[in-house]
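Asks: no sequence on this one, just coordinates:
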């Protein structure tokens, strides 16, 4: 016997059939919203990237002229003392000016703020003579402090001869003399590039 009874979809099959497209639609809208949020930068606040030095970053110069133009003080110094690490992971070292080439006087005591880099010891070590290129340290756009940041550093290797110690300034000469620096200073006024 043949039955003419057509089976009707059950309520449960209707719900599944109706719910799946709704779930797909909701998932699609959720994915679209997530993509839009990521693209526009909305959503939960993300921390800003921190400079790898744990503090203010510095420019790396590609020529002695550029380095000199951006350095308010150029001097041969001897490091005399190192203070404790500051809250911003910087080490402040006191140096005494042996010969001033720009912006300082012989005998001046300068505080040099060195930014700690991945646990490496500070470049300026007590008891060593350096040719330092410095500029005034500022907290953001605040007034200048009584400390300086290193813009360039060379260690004395012989009479008035220095070896570049800046591991990032690979385009600067490996060795320089005081006479070369004095000649550049005479032709290059202090005129910092404020975009650096």
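Replies: Looks like it came in fine. In this text the structure is predicted, and so the values were computed from the model without any measurement.
Asks: which stretches of the chain form strands?
Replies: Ranges of strands in the chain, per DSSP state E, are 73-85, 90-102, 109-115, 129-138, 144-158, 161-164, 175-177.
Asks: Would you point to the one among these that's packed deepest?
Replies: Across the strands of the chain, the average number of neighbours (mean count of other C-beta atoms under 10 Å) peaks for strand 129-138, which reaches a mean of 21. For the C-beta atoms, the positions are set from N, CA and C on the backbone; glycine is no exception.
Asks: Tell me which of the strands of the chain approaches residue 123 most closely.
Replies: Closest to residue 123 of the strands of the chain, according to C-beta to C-beta: strand 144-158, at 5.5 Å.
Asks: Could you list every helix and strand that that closest one packs against?
Replies: strand 109-115, strand 129-138, strand 161-164, strand 175-177 (3 or more C-beta pairs under 8 Å, 6 or more residues apart in numbering; DSSP states H and E).
Asks: In TSV, list those strands along with mean pLDDT and distance to residue 188.
Replies: Converted to TSV, the helices and strands packed on strand 144-158 look like this (pLDDT from 0 to 100; distance: least, C-beta to C-beta, whole Å):
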stretch	mean pLDDT	distance to residue 188
strand 109-115	90	21
strand 129-138	94	12
strand 161-164	97	18
strand 175-177	97	14
